[in-house]
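Asker: Take this sequence and fold it.
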Amino acid sequence: MQVEEFRDYIRNIPISQVISRYIPLNKKGQNHEAICPFHDDSNPSLKVNDSKGIYKCFVCGESGDGIKFVQNYRNKNFIESLKELSEIFNINLEIKDRKNANPKYKLARRILDAADNIFYTYPRKTNHPEFQKFLNTRGLSKENAEKFRIGFISDQNILSKFLEQRQADNPKQRIVDLALEIGIIKKGHNGLYDTFRNRITFPIWDQSSRVVGFGSRSITEKQMPKYLNSGDSLIFNKSMLLYGVNIAKNSIHDSGNIILTEGYMDTVSLHQFDFHQSVAIMGIALSDMKAKHISSLTKNVFLSLDNDKAGFIASKRVNDTLMKQKIIARKIDLTPCKDPDDFLKEKGRIAYLERMENARPFIDELIEIETSKNFGANTDLKIDALNKIFELLSTLGDDLRAHERIIKASQTLGLSSDPENIVKNYQEFLSKQKNGTQMLVKQAPRVTPPELLEKAVESNTDDINKRDESPSFAPCKIDTWILQSLFQFPAIYTESGFTEILDFVKNIETKNFVLDWESLEIKELAEDSLSKILFKIFDKENSYSKPFENFVYSMTFSFAKTDTSKVSQQISELKKKVTMESLIQEKKSLKEKRLQVLKEEDLNTLDNKIMTINKEISNLKIQNQKF
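Answerer: Residues are numbered from 1 along each chain as shown. Sure, this is the predicted structure:
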């Protein structure tokens, strides 16, 4: 069976038959329900609806169709999930790699393979002095340099010339254009040149050991930037990649743990000292996708990032992301050295192994920083400190490990509340945080604003410094109303008044969703076709953020057919609501600006704008009452 056929087959069988292969389901009314596997659930909060073909957790928000469930539950991609389902349902699945079948993608792979070959062979054939100097200075063995295929390319633009010659031999292929697109070469005033000229190169592989990009390091102090890396392209997605995981995965399995570093050289150095379970996160942040990948390999994680202020902030950020996956990471103390590479050279393998054995959970270190401050007898300051600890642990959620740490912290702070009350307060904190409301108790102001911390990280980090950015989506009332109208009246986009209403939407994902819906020319909507339509819209790589997809799926769970003849009435009511909400939000924004203004002239200007909006709101209320 072809992939498309099998995908449709899975979507046409009751979704409960898919999910029940993984977790127990109980029939309750029209739905099935279960303990949600995506968060610490005690009461069944996962609902499964066969008629709509979707599942939805009403606590953590995870939602989607049957295939999406397998992807999230098993931490697999789309094709891997289909493979697993085909085995479960005993169906022979014929898989063709869609990317590899794409001529452009295949050509990009060939270009990167050629670059890797040139970068690797050039310094070894020429015995290039700069390359040998780098290996000797960094204490890298020949075997380790070969293992990671560390290379070098001079300033003679060897790769550019090679690709230009291949283009001349194959004029129909866009070799040079594609090489420019994926960033392996560049165009200057004097023609093409190699992106990584006069640099030490590190090939970056995917899980299948295929080259997808390169990292590089300058060979002189004057050469800027010190680290230059491939940018995101059709073949390279940094947020999905862990450097060296293809080499380390067997050792991770054998050792039962993983060591995370910031950059390439720390990982290469650790492997040379027989810590073969080491990988680099390639930067100072860890995307949710990388964290899920790590979680699928092991829950036993060691942080070995740089031992400076920037490294500490980066470790905290990485730790937060790992705790979302219920991982309590331990941080290796590298004192007095700056990074793992320096530590291993100065102290050796045994010392590093001892530091690993003595490594504490990093969250405990962060909590200790808060509890060790001198608050005297000031109860309010102690509660502020406990609030900060609530925040530190919040990514772990309502977990027993969080409860134990909170109780211990409250006792260390000298608070007299009983443990049950402390845990209850933490749970209320989580609930309010999830709903976007204020803290449980007023939080003491932070000494360093977040934006300054970001700058400190960027200026102090000496390694690959592009941060992973995971898209986020915060739905507002207007987003909700727009999508509700779209599901209730599938052809509402054809009404002239709807385009005017769409102008009030601020979120680009909501606008794009409506445009994608319109492009499918949907006029009617049956309950069992909704999940198929959503799949068509979301079946584009990186087109929508996961929070937005969850938001949409959660709205479809309560979908019910509506009398489409009332579409004109819906347009009218929607316009009133959206206009009113837009004015309320604008007024709120102006009030927030007013708090930052010092000049009386500016205050008067803002007050006049707020007064004008108040009049518009009053007029709208009067008009609505008339109707």
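Asker: C-alpha only now, for contacts and for neighbours.
Answerer: Fine.
Asker: What ranges does the stretch 451-600 of the chain have for its helices?
Answerer: Assigned by DSSP state H, counting those that start in this stretch, the helices in the stretch 451-600 of the chain fall at 477-488, 496-502, 508-519, 530-538, 546-556, 567-594, 600-626.
Asker: Indicate which one of these is closest to residue 239.
Answerer: Closest approach to residue 239 among the helices of the stretch 451-600 of the chain (Cα to Cα): helix 546-556, 14.0 Å.
Asker: mean confidence score for the closest one?
Answerer: When pLDDT is averaged over helix 546-556, the result is 79.
Asker: from the chain's centre, how far out does that helix sit?
Answerer: Distance of helix 546-556 from the chain centroid (Cα atoms, centre = their mean, to the nearest Å) equals 16 Å.
Asker: before we move on, the earlier item: figure out which of the helices of the stretch 451-600 of the chain is closest to residue 422.
Answerer: With Cα to Cα as the measure, helix 546-556 is the member of those nearest residue 422 (30.5 Å).
Asker: tell me what that closest one is packed against?
Answerer: Counting contacts by 3 or more Cα pairs under 8 Å, 6 or more residues apart in numbering; DSSP states H and E, helix 546-556 packs against strand 54-57, strand 63-64, helix 477-488.
Asker: thinking again about what came up before, format the helices of the stretch 451-600 of the chain as TSV; extra columns: mean neighbour count.
Answerer: As requested, these are exported to TSV (neighbours: other Cα atoms under 10 Å):
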stretch	mean neighbour count
helix 477-488	18
helix 496-502	15
helix 508-519	16
helix 530-538	17
helix 546-556	19
helix 567-594	16
helix 600-626	13
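Asker: So for residue 330, which of those helices sits nearest?
Answerer: Between residue 330 and the helices of the stretch 451-600 of the chain, the tightest spacing by Cα to Cα is seen for helix 546-556, at 28.3 Å.
Asker: Format the helices of the stretch 451-600 of the chain as JSON lines; extra columns: distance to residue 90.
Answerer: Shown next, in JSON lines, are the helices of the stretch 451-600 of the chain (distance: least, Cα to Cα, whole Å):
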{"stretch": "helix 477-488", "distance to residue 90": "36"}
{"stretch": "helix 496-502", "distance to residue 90": "47"}
{"stretch": "helix 508-519", "distance to residue 90": "35"}
{"stretch": "helix 530-538", "distance to residue 90": "23"}
{"stretch": "helix 546-556", "distance to residue 90": "29"}
{"stretch": "helix 567-594", "distance to residue 90": "46"}
{"stretch": "helix 600-626", "distance to residue 90": "60"}
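Asker: For residue 272, which of these is the nearest?
Answerer: Comparison of the helices of the stretch 451-600 of the chain against residue 272 by Cα to Cα identifies helix 546-556 as nearest, at 38.4 Å.
Asker: quick one: the strand or helix carrying residue 133 to chain centroid distance?
Answerer: Secondary structure from DSSP states H and E places residue 133 in helix 129-137. Here the centre of helix 129-137 is set off from its chain's centre by 37 Å, with Cα atoms, centre = their mean.
Asker: what does stretch 103-116 contact?
Answerer: Stretch 103-116 is contacted from outside by 99-100, 151, 159, 175, 178-179, 182, 184, 203, 211-213, 234-235, using Cα atoms under 8 Å, 6 or more residues apart in numbering.
Asker: do that again at 10 Å, thanks
Answerer: Residues from elsewhere that reach stretch 103-116, judged by Cα atoms under 10 Å, 6 or more residues apart in numbering: 98-100, 117-121, 149-153, 158-160, 162-163, 173-176, 178-179, 181-182, 184-185, 194, 201-204, 210-214, 234-235.
Asker: In helices, which of those fall?
Answerer: With DSSP state H as the criterion, helices contain 98-100, 117-121, 158-160, 162-163, 175-176, 178-179, 181 from among these.
Asker: Using ChimeraX, make a named selection holding only the buried ones among those.
Answerer: Of those, the buried ones go into a single ChimeraX selection, burial set by 16 or more other Cα atoms under 10 Å:
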select :118,119,120,121,158,159,160,163,175,176,178,179
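Asker: For this protein, which element, helix or strand, carries the lowest mean pLDDT?
Answerer: In the chain, no helix or strand scores lower on mean pLDDT, DSSP states H and E than helix 450-460, which sits at a mean of 38.
Asker: wait, which of the helices of the stretch 451-600 of the chain is closest to residue 268?
Answerer: So among these, helix 546-556 is nearest, using Cα to Cα, at 33.4 Å.
Asker: Low-confidence ranges, the stretch 1-150 of the chain, go.
Answerer: Scanning the stretch 1-150 of the chain for pLDDT under 70 picks out the ranges 95-101.
Asker: isn't residue 214 right next to residue 196, touching?
Answerer: Yes: between residue 214 and residue 196 there is a contact at 8.7 Å, judged by Cα atoms under 10 Å.
Asker: Please enumerate the helices of the stretch 251-400 of the chain.
Answerer: Taking DSSP H, counting those that start in this stretch as the test, the helices found in the stretch 251-400 of the chain are 264-272, 288-297, 309-324, 340-347, 349-357, 362-371, 379-393, 400-413.
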